[in-house]
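Chemist: can you look at this prediction? I've put the sequence above it.
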Amino acid sequence: MKKIQNPWTILDGYNCFACSPANEIGIKMEFFEEGEELICKWEPSKHYEGFTNVLHGGIQATLLDEMGAWVVARKLQTVGFTSKLTIKYHKTVVINQPYIYIKAKLTEVKRNLAFIEAHIYNYEEQLCASAEMCYFCTSQEAASSSFHFNGCSLEE
């Protein structure tokens, strides 16, 4: 498993709620690649609680959605925008566990649409949530000129 380099950390003002390490209230996701899959090991905290000791469903949606965006960045080397996000919540994600896993992979590409599956697993590796996503992908030229994206590589 290899860590993916965040290509936006060099930009002034980069403050993504999901993946910026500088956002004080953000969730600070980091991403790894293992074969066709992207993986994030993330530590839940009380800041993102819904019901007592339960990770808020909106935060789970954010985790899944961000995984989709990073699959587009890493696997297709461009940026994409969520067109459709369908989530099924299978099991409560409790926040008093050391970490959870979010895993995602590209399942299909049709012209400028990327289809992605993502899953959240608890510390015991039980499935807690699953998502099917569709992303509208820009051209690599537009990604570079409009969104300051010049590729997503692995750290050495």
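Modeler: All right, it came through fine. Residues are numbered from 1 along each chain as shown.
Chemist: contacts and neighbour counts: CA atoms only from here.
Modeler: OK.
Chemist: helices along this structure, start to end?
Modeler: According to DSSP state H, the chain carries its helices in the segments 57-71, 140-147.
Chemist: could you identify which of those helices is most buried?
Modeler: Mean neighbour counts were compared across the helices of the chain using mean count of other Cα atoms under 10 Å; the top stretch is helix 57-71, at a mean of 22.
Chemist: roughly how far apart are residue 22 and residue 55?
Modeler: Taken as Cα to Cα, to the nearest Å, the spacing of residue 22 relative to residue 55 amounts to 22 Å.
Chemist: ok, these two, which is more surrounded?
Modeler: The residue with the greater number of neighbours, taking residue 22 and residue 55 and applying other Cα atoms under 10 Å, is residue 55; the counts read 21 against 14.
Chemist: which strand residues bridge the more buried one?
Modeler: The residues paired with residue 55 through beta bridges, assigned by DSSP bridges, are residue 49.
Chemist: please renumber so the chain begins at 51
Modeler: All right, first residue 51 from here; so that's residue 105.
Chemist: contacts only, for the closest residue to residue 154 other than its chain neighbours.
Modeler: Residue nearest to residue 154 in three dimensions, not counting chain neighbours: residue 168, with 4.0 Å by Cα to Cα, 6 or more residues apart in numbering. Residues counted as contacts of residue 168 (Cα atoms under 8 Å, 6 or more residues apart in numbering) are 114, 117, 118, 152, 153, 154, 155, 180, 181, 182.
Chemist: understood, closing this out.
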